[in-house]
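Participant: I would like the atomic coordinates for the input below:
(chains A and B)
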Amino acid sequence: MNKNIKLEVRNITKVFGKHPQKGISLLNEGLSKSEIFEKTKQTIGLDNVNFEVYDGEIFVIMGLSGSGKSTLLRCLNRLIEPTKGEILIDGQNITDMNPEELRNTRRNKLGMVFQNFALLPHRSVLDNVAYGLEIQGIPKEERYLKALEAIETVGLKGQENSRITQLSGGMKQRVGLARALANDPDILLMDEAFSALDPLIRSDMQDELLSLEDRVQKTIIFVSHDLDEALKIGDRIALMKDGEIVQIGTPEEILTEPADSYVSRFVAGVDRSKILTAESVMKRPDPIISINSGPRVAIQLMKDHGISSIYVVEGKNRRLKGIVMIGDVLEALKKGKSLESVMIPDTPRVAPDMPLKEVIPLIADSQYPLAVVNDSGKLLGIIVRASVLGALAISGEIEQDEVPEEKASEESASGDKIPEEKPPEEKTPEEKTPEEKPPEKTVSIGKNEGEDGQPPEGSGGSGNIINNGIDSGPVPAEAGANNGAPAKAPDRSDTMPGSEVKTC
Amino acid sequence: MLIPRLPIGDTVEFAVDWVEGNFGIFLDFISDQLDFLITGLKDVLLFLPPELFILVISLLAYFAGKRNIKLAVGTAFGFFLIQNMGLWVLSIETLALVLSSALLTLVIGIPVGILCAKNEMLYHIVKPLLDLMQTMPSFVYLIPALIFFGLGNVPGMIATVVFAMPPAIRLTNLGIRQVPKELKEVADAFGSTGWQKLAKVELPVALPTIMAGVNQCIMLSLSMVVIAAMIGARGLGYQVLFGIQRVDISMGFEAGLAIVIIAVVLDRITQNLSPR
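Facilitator: A predicted model of the protein is given here:
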């Protein structure tokens, strides 16, 4: 996404009432909205709102009713005159335009879709869609041609001569959308456009808006009171409360880094599994083993990390080959076989942008961690049960974010080589449980465990492997979750898609 | 009572005399124009032979009623009855008076109604006037109308216009105000000019309500027929008045029946003209 600023809102304030300037001066004095209302009967609709909308993005303004979101949207095309502030579209300030200039801007740059469709009941679908062109004086044939194109874009082909009263709610809003598209505006203003539709239709329309957005590349400013909707379609979301913007950010930022308690209360009920993606919950594949390494190395790695399975990769690009289990590797070591011969190649793999919702059933059925693999087969990370559960609980996420990044860079430097030396691991209370076992019970296999400079905790972990064997799936998984870094590892940043939420 | 009697009646009389004295020529000019309208319409309607007229109005009823055959037959029967009672010319005179009054009412009433919907101040001024026009006994209009325009059809028409105006203004105003806010926003958001908004959004959406006003206006005009006859308006109203004065039941009843027939036909046609 290019980051050209399409629309810029600077210090927009709206005071409703007969003496708006009084309200403004009291606001400047720092009085609260309720104090101002008591004193002057002026209602503060918007209080010093600032934001920017980038070219081609879907910007969602969201908030509860009365938060000023519709007022804000209407200020953008001056259906409501802002009391103070500037609105720049392509650098042009529309707040000081004369009626003629404003009309031209509305005709050419701003399309609007309304909550209750707002179709003209006396007109056919075609004439409704052509309305914006008709008032520009475009000849009938040309405007019908463009209108038909727009009708086709929204999937209503064949309905152009229907009467409005014959259409269902979803179809009506398609007409509303087509009407806005027919003018070919740069910016679409959508005022609770899907709120009046029933849930299934609403969901369909959201999907279609997203696919439409991919095709026509409009800048969309979408007002919604539905957080799920906002998270689903928004590239960025501005959360409003009492006429002010509380937080602006991507859906993930809103979810994972709420600016204040209002936002976190707001997002508390969200089904995170729909928003978060495989990429956002995976941990770095640490450790991994090269396919050329011997069984002995694999055993040592598993022992060091307290895990019962390890992913096998090939080459500098870390192409995923498969997974080996501790039991099989021990067998291979005894019989002198290669690592590849005991590798399980068809491990479950998921794409980085797969929604968590779809990941959950996979991981529930899988006895190994899930491998997150990009299009070229590179192993990006692994998902263990604990990291999924952690991501679904708010506190879990914040904890994960606190994992220091130095580890990540260390690991990425080691590439496909087997890490010879491990930095001290982040220890969380859960991981300490196995340490309570006395170290002398540990059965040492292969190399001398002291030689890699591992702290005693590490050997405690390795003892755990042996004691539990292959069946101990959940235990290493838990350990893995705790030393897993979030999706911040620098070596992966280049593969991050712009907005994984879109694919929900 | 210490307060002396306020000379309200005398003041109004003085004002009426003053207008008559100073604007006499202007009033005569208006009178001529209106008379021309009524007689012109009457002549056109009378130009058609009754049979052809009945056919035309029945077809009108048929198509206005969205191919309502019952309405067409009823209309044909009603007008046939009028002709049969020998009241044809009088009925046409009444029809001409009623239609031209209604036309004048709407030409003034609809724009005023639109302005009232757009301008809160104007509406606050017009509203009490409308109340006055509706509640003042209609006989009272007759006196100034008589003074300004003399005897005949024109003062009758003026009295009728005053009486029938309020619903035209009120319902137009209501219709425009009731246009959903979102539709007005659509007009603005897509960059309509004020006229485009009015012509392409507000008036079409308000049309059913405005048509109800048109219907009311025609009905009220008809109800003024007899009263207008008191100052010399010709037609069925005069016949009814004549019947009352002479206690001629058959004459009064027949003329009254003809008025009812015209009323019902006009009502049905205008009601059906309004969309949905």
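
Participant: so where is the stretch 151-276 of chain B shaky, pLDDT-wise?
Facilitator: B:275-276 (pLDDT under 70).

Participant: ok, now how distant is the residue of chain A most remote from its centre from chain B?
Facilitator: Outermost residue of chain A with respect to the C-alpha centroid, by C-alpha atoms, centre = their mean, is A:Lys335; its distance is 48.6 Å. According to C-beta to the nearest C-beta, to the nearest Å, A:Lys335 and chain B sit 77 Å apart. Yep, even glycine has a C-beta here, placed from its N, CA and C like the rest.

Participant: for the longest helix seen in chain A, packing partners?
Facilitator: Secondary structure of chain A per DSSP state H: the longest helix is helix A:199-216. Contact here means 3 or more C-beta pairs under 8 Å, 6 or more residues apart in numbering or on different chains; DSSP states H and E; on that basis helix A:199-216 packs against strand A:58-63, helix A:140-153, helix A:169-182, helix A:227-233.

Participant: Contacts only, for A:Lys39.
Facilitator: A:Leu26, A:Leu31 (C-beta atoms under 8 Å, 6 or more residues apart in numbering or on different chains).

Participant: Mind doing that once more with 10 Å?
Facilitator: A:Lys22, A:Gly23, A:Leu26, A:Leu31 (C-beta atoms under 10 Å, 6 or more residues apart in numbering or on different chains).

Participant: Which per-residue confidence value corresponds to it?
Facilitator: With respect to pLDDT, A:Lys39 scores 85.

Participant: Determine the three-state secondary structure at it.
Facilitator: helix (DSSP: H, G, I helix; E, B strand; the rest coil).

Participant: would you say A:Glu86 is within a helix?
Facilitator: No: under three-state DSSP, A:Glu86 falls outside any helix and is assigned strand.

Participant: For it, list each beta-bridge partner.
Facilitator: For A:Glu86, the beta-bridge partners are A:Arg10 (DSSP bridges).

Participant: if I look at it, how far off is A:Leu7?
Facilitator: 11 Å (C-beta to C-beta, to the nearest Å).

Participant: now B:Ala159
Facilitator: Taken as C-beta to C-beta, the span from B:Ala159 to A:Leu7 is 60 Å.

Participant: The two: who's more crowded?
Facilitator: B:Ala159 (27 against 24; other C-beta atoms under 10 Å in any protein chain shown).

Participant: what comes up buried for the helix or strand where that one lies?
Facilitator: Per DSSP states H and E, B:Ala159 falls inside helix B:153-177. Neighbour-count burial for helix B:153-177, counted by 16 or more other C-beta atoms under 10 Å in any protein chain shown, picks out B:153-176.

Participant: tell me, how many neighbours does residue 274 end up with?
Facilitator: Since no chain was named, I'll use chain A. 17.

Participant: that answer is for a different chain, and I need it for chain B
Facilitator: 16.

Participant: wait, doesn't it sit right on B:Gln216?
Facilitator: No: counting by C-beta atoms under 10 Å, B:Ser274 stays clear of B:Gln216, with 11.5 Å between them.

Participant: which other residues reach stretch A:157-171?
Facilitator: Contacts for stretch A:157-171 (C-beta under 10 Å, 6+ apart): A:116-117, A:119-130, A:144, A:147-149, A:151-152, A:154-156, A:172-175, A:178, A:194, A:196-198, A:200-202, A:204-205, A:208, B:276.

Participant: mind redoing it with 7 Å?
Facilitator: Contacts with stretch A:157-171, where a contact means C-beta atoms under 7 Å, 6 or more residues apart in numbering or on different chains, come from A:119, A:121, A:124-126, A:128, A:148, A:151, A:156, A:172, A:175, A:196-197, A:201, A:205.

Participant: Good, wrapping up.
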